[in-house]
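> Build me a model:
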Amino acid sequence: MNINDLNPQDLTEFHVAFEVTRNITFEVAYYTLGSNKNAHFTTSASLLNRPKSDYKQCGQAQDSLLIGAAKIFYDKWDEKHLSVLTVEDYTELVFDLGVLEIRYNSIIQDNRIDHIPFYKIVELSKTVLKPKPKLVRVAA
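As a prediction, this is how the structure comes out:
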């Protein structure tokens, strides 16, 4: 599964994690928790300890951990936290996730389980970081 597979008309449920730095990951999800009737939108951020054997900080730590495009995404979408999304919101969300996918390494899965397993987060954190995009000046 990848971000292009997400269907706004079906409001496909998913979990995606982005490698923001070697030790910081940003997770975005749209899924049904437990016996809830509808799916909801959620984000979280995690900081791995140095041996990558556990989290040093995790959960609702986005304000203190996120930087760059991940922080911009979080600031934009934080007001929708724990909300059911409209088709229009979901369509915009998928577009914004595509922007993050260009900037950061990521893993995505459908909603068969309620989170991305820790070992997959560790594997993601060991991948080579994508280079920061270079700014190009345009003459006026």
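
> Assign a three-state SS to Thr43, would you?
What DSSP: H, G, I helix; E, B strand; the rest coil gives for Thr43 is strand.

> wait, isn't it in contact with Asp75?
No. With contacts counted by C-beta atoms under 8 Å, Thr43 stays clear of Asp75, the gap being 10.7 Å. The C-beta positions use only the backbone N, C-alpha and C, and glycine is treated the same way.

> and the helix or strand bottoming out on mean pLDDT in the chain, which residues are buried?
Lowest by mean pLDDT, DSSP states H and E among the helices and strands of the chain is strand 105-110, with a mean of 89. Buried residues in strand 105-110, counted by 16 or more other C-beta atoms under 10 Å: 105-109.

> For it, which helices and strands make contact with it?
strand 14-19, helix 118-125 (3 or more C-beta pairs under 8 Å, 6 or more residues apart in numbering; DSSP states H and E).

> Just name the most buried of the ones you listed.
strand 14-19 (a mean of 23; mean count of other C-beta atoms under 10 Å).

> Each with direction, which strands does that strand pair with?
strand 24-31 (antiparallel), strand 105-110 (antiparallel) (DSSP bridges).

> any idea of the angle the shortest one forms with helix 118-125?
Computed with axes from the mean of the first three to the mean of the last three C-alpha atoms, to 10 degrees, the direction of strand 105-110 lies at 150 degrees from that of helix 118-125.
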